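Novice: Show me the folded form of this:
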Amino acid sequence: MSPTFPSPITEAAALSVAGAGLRRYEMGPAVIGAGTDATVVVVASGDNPGVSGVQDSTKVLLRGDAVPALHPRFESGAALPIHLFARLDRGCLPLGTALCRGRSSVPAEFDHAHLELDQPLTREMLDAVRPVPVPGPVPTVDWVDHVKTDPIWALESFVLGWFPAEVTEPAEEEGVADELGDLPLSLAAFHCLARLRPALHRFHNPVLQQPERASGPLGDRLVFAVEAQAGRDWSIPWAPEGTSAADPRVWLTEDPGTADAETILEEEPLSRFLLQFTLYEAMNAAPYHARTYCMATQRLDSLWGTLCPVPLSPFLPTYEADKFFVAPGLLATVSADENEAVVTFASLHRGTLTPLLEHGFRWFFFDG
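Specialist: Prediction:
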């Protein structure tokens with residue numbers, strides 16, 4: 001049975017919903033009509049994350065050149081309704097009314113707005129206005145077989161497959177360690193990888209390009225990564241025992257720099273911890289995400305034919321204690337006990353998430 005949609009109308013008819021005194025504006029590919037009765041927003045259809053258009057079943061983004069005159073139309077609690085339409089080949093499809101959930105705060109700089117539909121789009125309507133493209137080439141997961149025996153190679157293989165190459169300006173590199181002496185082999189390998197894939201230095205929780213000497217409850221240490229809010233950091237003992245090829249243990253320090261700082265020993269040595277950390281940050285940085293509501297653990301049974309476990313201990317056991325799983329082009333974490341579980345997914349392509357709908361999970365959010 002073919003899906004039933006509201007009948008598409010012409011753009012002129014859509015803009016007429018704004019009422020008398022119509023003024024027409026453009027913000028990126030979107031057309032906006034402002035009248036005495038309403039504000040009308042017509043966005044282009046397509047899979048355009050981060051660009052004006054439908055982002056998911058409830059969210060629509062406006063982004064483009066600043067249009068100061070529209071700023072009052074998109075304030076919270078604006079008197080006039082906002083009507084949304086998506087432009088298709090056969091006309092403009094009504095999407096319903098929406099509220100503005102965020103915008104540029106300064107009128108002269110009004111160049112974006114985040115809109116939320118009052119009624120979520122059905123899956124059929126969402127596929128019509130934001131068709132899911134066929135996934136492009138996706139990275140393989142052969143590296144998983146080498147996590148225990150050669151974690152540095154596993155890290156390199158994952159990074160080179162997951163993060164795209166970039167054109168960067170050549171720069172003179174100073175020694176990462178400078179006066180600190182030789183870095184452990186796995187940390188030196190990470191910094192070499194970052195020259196090939198600069199995205200490694202844009203993690204939300206950054207790996208420091210210049211590790212820093214510090215002291216802590218357990219002694220002198222070398223801080224190599226920090227939390228974005230500075231509430232914790234990760235370090236290794238310094239000066240290290242043995243040669244630079246050693247694989248030291250990792251310290252997680254809570255509230256570094258305070259008198260009551262606490263240090264916790266991470267489960268994995270540095271080589272495998274760096275893989276854990278990179279998988280976690282790769283999930284955060286991925287363009288598409290999905291997360292289930294809490295469900296019975298047995299509901300995960302249908303996933304095990306799709307996902308391959310990464311043989312690492314749970315990450316951040318004091319907090320989420322998530323275990324990593326992978327599939328081609330897909331990363332996942334599972335937080336579960338004997339009774340309940342939550343699964344989070346991240347992917348490079350929207351179409352890699354879409355098949356997950358077949359499992360019938362209840363989704364907290366779903367970008368596919």
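Novice: Could you check how many residues crowd around residue 257?
Specialist: For residue 257, the count of nearby residues is 11 (other CB atoms under 10 Å). C-beta: built from backbone N, CA, C; applies to glycine.
Novice: how close does it sit to residue 20?
Specialist: If you measure residue 257 against residue 20 using CB to CB, to the nearest Å, the figure is 62 Å.
Novice: For beta bridges, what are the partners of the residue nearest to residue 219 when sequence neighbours are not counted?
Specialist: Nearest in space to residue 219, with sequence neighbours left out and distances taken as CB to CB, 6 or more residues apart in numbering, is residue 237 at 6.4 Å. Beta bridges link residue 237 to residue 221 when assigned by DSSP bridges.
Novice: For residue 335, give me its contacts.
Specialist: Going by CB atoms under 8 Å, 6 or more residues apart in numbering, residue 335 touches 320-323, 341-343.
Novice: residue boundaries of the helices in the protein?
Specialist: 11-16, 123-129, 151-162, 185-196, 270-285, 350-353 (DSSP state H).
Novice: Among the ones you listed, which comes closest to residue 332?
Specialist: helix 270-285 (8.3 Å; CB to CB).
Novice: Can you tell me which helices and strands the closest one packs against?
Specialist: Counting contacts by 3 or more CB pairs under 8 Å, 6 or more residues apart in numbering; DSSP states H and E, helix 270-285 is packed against helix 151-162, helix 185-196, strand 232-237, strand 249-254, strand 330-336, strand 340-347.
Novice: In TSV: these, plus distance to residue 50 and mean pLDDT.
Specialist: Formatted as TSV, these follow (distance: least, CB to CB, whole Å; pLDDT from 0 to 100):
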stretch	distance to residue 50	mean pLDDT
helix 151-162	19	97
helix 185-196	24	93
strand 232-237	30	92
strand 249-254	33	91
strand 330-336	20	95
strand 340-347	16	96
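Novice: Relative to residue 53, which of the ones you listed is closest?
Specialist: When these are compared (using CB to CB), the closest one is strand 340-347, at 19.1 Å.
Novice: In the stretch 1-150 of the chain, where is pLDDT below threshold?
Specialist: The model of the stretch 1-150 of the chain has pLDDT under 70 over residues 1-3.
Novice: Let me see the ranges of the strands in the stretch 51-200 of the chain.
Specialist: 53-54, 59-63, 82-88, 91-103, 112-117 (DSSP state E, counting those that start in this stretch).
Novice: Out of these, which one sits most buried?
Specialist: strand 53-54 (a mean of 24; mean count of other CB atoms under 10 Å).
Novice: so what strands line up beside it?
Specialist: Counting by DSSP bridges, the strands paired with strand 53-54 are strand 59-63 (antiparallel).
Novice: any residues touching the partner strand, and which ones?
Specialist: Taking CB under 8 Å, 6+ apart as the rule, strand 59-63 contacts 27-28, 30, 32, 41, 43, 50-55, 74, 84, 95, 98, 111-117.
Novice: Stretch 93-101 now?
Specialist: 5-6, 8-9, 14, 41, 54, 60, 74-76, 78, 81-87, 113-119, 121, 125, 128-129.
Novice: Leaving out sequence neighbours, find the closest residue to residue 287.
Specialist: residue 49 (5.6 Å).
Novice: Over to the one you found: give its phi and psi.
Specialist: phi -60, psi 130 (degrees, to the nearest 10).
Novice: so what's it up against?
Specialist: By CB under 8 Å, 6+ apart, residue 49 lies in contact with 55, 287-288, 350, 367.
Novice: and stretch 279-294, how far from the chain's centre?
Specialist: Chain-centre distance of stretch 279-294: 6 Å, with CA atoms, centre = their mean, to the nearest Å.
Novice: buried stuff in it?
Specialist: 279-283, 286, 288-292 (16 or more other CB atoms under 10 Å).
Novice: and it, how far apart are its ends?
Specialist: 22 Å (CA to CA, to the nearest Å).
Novice: got it, and stretch 135-142?
Specialist: 19 Å.
Novice: What's the separation between residue 191 and residue 292?
Specialist: Separation of residue 191 from residue 292 (CB to CB): 36 Å.
Novice: An error on my part: the question was meant for residue 229.
Specialist: Here the criterion is CB to CB. By it, residue 229 lies 26 Å from residue 292.
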